[in-house]
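*Asks:* here is the input, now give the coordinates:
(one chain, ligands or ions: 2)
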Amino acid sequence: MGGDDFHKGVKEAPHKLDGSSLKILIVHTRWNHEIVDPLVQGAISSLQKYGVQTSNITVRDVPGAYELPGAAQKLIRQSQQQSTNLVANIVEDLLSTTTTGSSAGQHLSSKGSGKQGPFDAAICIGVLIKGSTMHFEYIADAVSHGIMRVGLDTGVPTVFGVLTCLTDEQAMQRAGIGRGEDKGHNHGGDWGSAAVEMALLRI
Ligand SMILES: Nc1c(NC[C@H](O)[C@H](O)[C@H](O)CO)[nH]c(=O)[nH]c1=O
Ligand SMILES: CC(=O)[C@@H](O)COP(=O)(O)O
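*Replies:* Residues are numbered from 1 along each chain as shown. Ligands and ions are numbered 1, 2, ... in the order given. The predicted structure follows:
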């Protein structure tokens, strides 16, 4: 064990992952966007590979990694509140239909092409590259704990898609855009499959 004689990385899930009914949020940074953008595309391609409809993938951007947890929590909470409001409106429609006989089911039609309801999972994507001060360490620590908190507090699986690298090349390799012959592995794909798997996690 050790060295190059084992597969470093995630083993495929043992069961089929069907993401066709899922609604996924991606929040990504504009910091280091030349590396972040391929990671986002890798995550989207992975979600689509597992059947998630493009209209059910919401992509939003924030300045930097430190803003990721707050933005993810705000957008997840909004989706949960909208879902609660939608259910209340449907009940109100049904009650008004039974009393007036007229169908007021305007709330039953989904607004836009995307699936109604809360997000089933979220992916926070960013790239932190160590500079010459302790700023890197403080942000990395805060963001990793913050993203964990969002998932636990909202109940919506929130994937940690933040590269914490010591050099540009380390980050580029992990976005699949390395400078050498070996372009590396795009971790965005792993984050997409993790989001689908965790969204489908059931007893
Ligand atoms: N140095 C990096 C940052 N720094 C900015 C912070 O994330 C944050 O936006 C700022 O402190 C304002 O709150 N962000 C990254 O995403 N990557 C970095 O390498
Ligand atoms: C991750 C960072 O905040 C880092 O890039 C900032 O660089 P520096 O520590 O040289 O200010």
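
*Asks:* C-alpha only now, for contacts and for neighbours.
*Replies:* Will do.

*Asks:* might one say that K130 is in contact with E169?
*Replies:* No - contact status for K130 versus E169: not in contact, 11.8 Å apart, counting by C-alpha atoms under 8 Å.

*Asks:* ranges for the strands of the chain?
*Replies:* 24-29, 57-62, 121-129, 158-165 (DSSP state E).

*Asks:* residues of the protein that sit close to ligand 2?
*Replies:* 128-136 (C-alpha under 6 Å from any ligand atom).

*Asks:* can you check which helix is longest in the protein?
*Replies:* Longest helix of the chain, by residue count under DSSP state H: helix 68-100.

*Asks:* run through the residues that contact the residue lying closest to V196 once chain neighbours are set aside.
*Replies:* Nearest non-adjacent residue to V196, counting by C-alpha to C-alpha, 6 or more residues apart in numbering: G19, 6.0 Å away. Contacts for G19 (C-alpha atoms under 8 Å, 6 or more residues apart in numbering) come out as 47, 50-52, 196, 200.

*Asks:* for G64, same thing?
*Replies:* 29-31, 126.

*Asks:* now P38
*Replies:* 175-177, 186, 188.

*Asks:* does A194 touch V159 like I think?
*Replies:* Yes - at 7.1 Å, A194 counts as touching V159 under the criterion of C-alpha under 8 Å.

*Asks:* looking at the contacts of G64, spot the one nearest ligand 2.
*Replies:* W31 (9.4 Å; C-alpha to the nearest ligand atom).

*Asks:* how much space between S96 and V87?
*Replies:* 14 Å (C-alpha to C-alpha, to the nearest Å).

*Asks:* rewinding a little: most neighbours, which of the contacts of G64?
*Replies:* G126 (32 neighbours; other C-alpha atoms under 10 Å).

*Asks:* which residues touch it?
*Replies:* 28-29, 31-32, 36, 64-65, 161-163.

*Asks:* check those against ligand 1, which are close?
*Replies:* The residues of the contacts of G126 that also fall near ligand 1, by C-alpha under 6 Å from any ligand atom, are 29, 31, 64-65.

*Asks:* give the buried residues for the longest helix of the chain.
*Replies:* 68-69, 71-73, 75-77, 79-80, 83, 86, 89-90, 93-94 (16 or more other C-alpha atoms under 10 Å).

*Asks:* equivalent analysis for stretch 174-189, please.
*Replies:* 174-178, 184, 186-189.

*Asks:* now for the residues you listed: which two are most distant?
*Replies:* G178 and G189 (16.0 Å; C-alpha to C-alpha).

*Asks:* relative to ligand 2, how far out is the nearest residue in space to I76 that is not next to it in sequence?
*Replies:* Of all residues not flanking I76 in the chain, F119 sits nearest, at 6.4 Å (C-alpha to C-alpha, 6+ apart). According to C-alpha to the nearest ligand atom, to the nearest Å, F119 and ligand 2 sit 29 Å apart.
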